[in-house]
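In: Structure of the sequence below:
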Amino acid sequence: MPQHSGRRPAYRPWGPSGSDPGGKRAAAVVLDGEDALLVATHGSRRDAYRLEMGWCRMRQWRTLLISAATTLVLALAACAPTAPAPAAPAKSAAATAPAAPSSALTPVASVPSPAAAPTAAPAPQTFRQAGQSPATDAGIFVALDRGYFAEQGIDLDYVGFAAAADMVPAVATRQVHGAGFAINAPVINAVARGVEIKAVADKGSLPPGFGWEAFLIRKDLVDSGRFKDAADLKGLTLGTTPPINAGAGYPALARVLQQAGLSEDDLRLEELSFADLNAALAGKAVDVGMQLEPLVTAAVKQDIAVRWKGLDEIIPNQQIAVIGYGPAITIDNPALGRAFMVAYLKGVRDYNRAFTTGVGRPEVVAAIAKYSTVKDPAIVDAMVPVGLHPDGRVNVQSLINDQRFYVEKGTVSTPIDMHQLVDDSFVEYALQMLGPN
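Out: Reported below is the predicted structural model:
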């Protein structure tokens, strides 16, 4: 667009010579040509002077009229419709795309702001979590029930597994994103062979008062006086999960026997799943068992057994189970893992608040009963709660101690670096979002 210099244009006076038309120079000029003929025809120089003066005025008016007429013609021409330009040749979609408007030439109102344009909410991402619906998944269940995963843009797909041993391979081969599992001898051996998993958060530990794994003694043995204390384990049959000396309960058993002056040779070990243990106690196939909640509470309520001692009394703060991520998270999509952790820790904190202060306890109990294998809210409410660290931190030293036990018992041949197995980055991110508990 043309720009003004800011200076006032120079004024140019009207007249044929740019000077006074009545002066001598003007008369001399007009006496040439046609003006000389007028003098000769019409009389004296005085008359010629008057004529010349009138003629000068006529020329001034003529110049004014010509200039005004020219301006009018140009104005009319500008208002006249113009012929349409020839159609441009057809171009590709890319070639015909409009150029970006110039902000200097385009009114602001005609250029919509990108922030003002409506944008669709991103589609939720699916997180496939492997599990067996135990009560120890309480943090997940509470977060799911309260919509915390949805808040983080996650569609949680809880994938049920019949055998815990199948979950680690599923995580490592990207069939699922994560799982809850114990860091026991088989898992350590798998990691030593190169299986790609990371322990990223607590999913079951034993802080004092959270003895959700405990020793059960057959009720008739207690009532009869056959069993009073640890020394009375001698000669009894103990039901425990396989393989022997490869699970998180065995270090506690070894400590109990050591304190009583006993060894494994002083009792008989029977390999049983947690699901089969109560029935074996009821049928007197075994005398003692290491059982998990809520099956501990169920056995007590059914007068099958007596709860003797929680493992939190034997090895306080022992790390039993963790949330584990595989390469589908740690390599392919860490952002999804961080979002999961934020939602999970919100659920864990609500869970802890419910079982330590009573705030929201009925709702938390209902959520656990809704999603876990324990469908009776009364049992959920009565059971000893699982320990879940409110900040999600994994007790690495506990894992180191347990691995040392497995090495001594020969169930782990190649120990691993537990600091490499545990990845705190996801918990640290969640704590930045939520703050410390």
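
In: Which residue ranges make up each domain of the protein?
Out: Per automatic domain parsing, the structural domains of the chain span 14-61, 125-207+317-434, 213-302.

In: And the helices in the stretch 201-350 of the chain, which stretches?
Out: 219-224, 250-259, 274-282, 295-301, 327-330, 334-357 (DSSP state H, counting those that start in this stretch).

In: other SSEs contacting the next helix or strand after the last one?
Out: Right, the one you point to is helix 334-357. Once the chain leaves helix 334-357, the next helix or strand it forms, by DSSP states H and E, is helix 361-371. For helix 361-371, the packing partners by 3 or more CB pairs under 8 Å, 6 or more residues apart in numbering; DSSP states H and E come out as helix 138-145, helix 334-357, helix 377-382. (C-beta placed from N, C-alpha, C; glycine too.)

In: Deepest-packed of those, please.
Out: helix 138-145 (a mean of 26; mean count of other CB atoms under 10 Å).

In: what about the following helix or strand past that one, average pLDDT?
Out: The helix or strand immediately downstream of helix 138-145 is helix 148-151, counting by DSSP H and E. Throughout helix 148-151, pLDDT has a mean value of 98.

In: From the rest of the structure, what touches helix 148-151?
Out: Residues outside helix 148-151 that contact it (CB atoms under 8 Å, 6 or more residues apart in numbering): 124, 127, 142-143, 155-156, 340, 342-344, 346-347.

In: Buried residues, it. List them.
Out: Buried residues in helix 148-151, counted by 16 or more other CB atoms under 10 Å: 148-149.

In: before we move on, the earlier item: right, so of the helices of the stretch 201-350 of the chain, which gets closest to residue 315?
Out: helix 250-259 (5.3 Å; CB to CB).

In: just the CA coordinates of that closest one, formatted as CSV?
Out: Taking C-alpha atoms only, helix 250-259 is exported to CSV below (Å, rounded to 0.1, in the frame of the first residue of the first chain):
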residue,chain,number,x,y,z
TYR,A,250,9.7,-68.8,52.8
PRO,A,251,12.1,-66.3,54.3
ALA,A,252,9.5,-65.7,57.0
LEU,A,253,9.1,-69.4,57.6
ALA,A,254,12.9,-69.8,57.8
ARG,A,255,13.1,-67.1,60.4
VAL,A,256,10.3,-68.6,62.5
LEU,A,257,12.0,-72.0,62.5
GLN,A,258,15.4,-70.5,63.3
GLN,A,259,14.0,-68.6,66.3
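
In: which residues touch that helix?
Out: 215, 230, 233, 238, 240, 244, 263-264, 266-267, 290, 309, 311, 314-315, 318, 401-402, 405, 409.

In: In strands only, show me the residues you listed.
Out: 215, 238, 240, 290, 309 (DSSP state E).

In: of all the contacts of helix 148-151, which comes closest to residue 372?
Out: residue 142 (10.9 Å).

In: List the contacts of the closest one.
Out: Residue 142 touches 148, 347-348, 350-351, 364, 367-368, counting by CB under 8 Å, 6+ apart.

In: what helix or strand does residue 126 sit in?
Out: Element membership for residue 126 (DSSP H and E) is strand 125-131.

In: And that strand, what's buried?
Out: 127-131.

In: And for residue 403, the neighbour number?
Out: Counted with other CB atoms under 10 Å, the neighbours of residue 403 add up to 21.

In: how much space is there between it and residue 147?
Out: Residue 403 is 38 Å from residue 147, where distance means CB to CB, to the nearest Å.

In: Could you point out which residue ranges in this protein have low pLDDT?
Out: The chain contains residues with pLDDT under 70 at 1-119.

In: Let's see that with 90 instead.
Out: Counting by pLDDT under 90, the chain shows low-confidence ranges at 1-122, 135, 163-165, 275, 294, 373-374, 436-437.

In: And for residue 346, nearest residue in space, chain neighbours not counted?
Out: residue 148 (4.6 Å; CB to CB, 6 or more residues apart in numbering).

In: how much space between that neighbour and residue 365?
Out: 17 Å.

In: Which strands and helices lie in contact with the strand holding residue 126?
Out: strand 154-160, helix 167-172, strand 178-182, helix 334-357.

In: The helix or strand harbouring residue 399 - contacts with which helices or strands?
Out: Under the criterion of DSSP H and E, residue 399 resides in helix 396-409. Helix 396-409 sits against helix 185-192, helix 250-259, strand 319-325, helix 418-421, with contacts defined as 3+ CB pairs under 8 Å, 6+ apart.

In: tell me the angle it makes with strand 178-182.
Out: Here helix 396-409 runs at an angle of 60 degrees relative to strand 178-182 (axes from the mean of the first three to the mean of the last three CA atoms, to 10 degrees).

In: which of the residues in helix 396-409 are buried?
Out: Here helix 396-409 shows 398-399, 402-403, 405-406, 409 as buried, counting by 16+ other CB under 10 Å.

In: What is the nearest of the residues you listed to residue 196?
Out: residue 399 (17.7 Å).

In: how far away is residue 401 from residue 179?
Out: Using CB to CB, residue 401 is found at 23 Å from residue 179.

In: that older thread, distance check, the residue nearest to residue 346 against residue 428.
Out: 19 Å.

In: Kindly report the same for residue 264.
Out: 41 Å.

In: now swap in residue 301 and tell me
Out: For residue 301, the distance to residue 428 - CB to CB - is 41 Å.

In: do the same with residue 436
Out: 11 Å.

In: which of these two has more neighbours?
Out: When residue 436 and residue 428 are compared for neighbours, residue 428 comes out ahead with 14 against 6, by other CB under 10 Å.

In: Quickly find the element holding the more buried one.
Out: Using DSSP H and E, residue 428 falls in helix 425-434.

In: got the angle between that helix and helix 334-357?
Out: Going by the same axes, to 10 degrees, helix 425-434 makes 70 degrees with helix 334-357.

In: How about helix 425-434, which residues are buried there?
Out: 426-427, 429-431, 434.

In: Run the chain-centre distance for it.
Out: 11 Å (CA atoms, centre = their mean, to the nearest Å).

In: May I have it as PDB, with CA atoms only?
Out: Taking C-alpha atoms only, helix 425-434 is exported to PDB below (Å, rounded to 0.1, in the frame of the first residue of the first chain):
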ATOM      1  CA  SER A 425      10.600 -43.000  37.300                       C
ATOM      2  CA  PHE A 426       6.900 -43.700  37.000                       C
ATOM      3  CA  VAL A 427       6.200 -43.300  40.700                       C
ATOM      4  CA  GLU A 428       8.400 -40.100  40.700                       C
ATOM      5  CA  TYR A 429       6.300 -38.600  38.000                       C
ATOM      6  CA  ALA A 430       3.000 -39.500  39.800                       C
ATOM      7  CA  LEU A 431       4.400 -37.900  43.000                       C
ATOM      8  CA  GLN A 432       5.200 -34.700  41.000                       C
ATOM      9  CA  MET A 433       1.500 -34.600  39.900                       C
ATOM     10  CA  LEU A 434       0.000 -35.600  43.200                       C
END
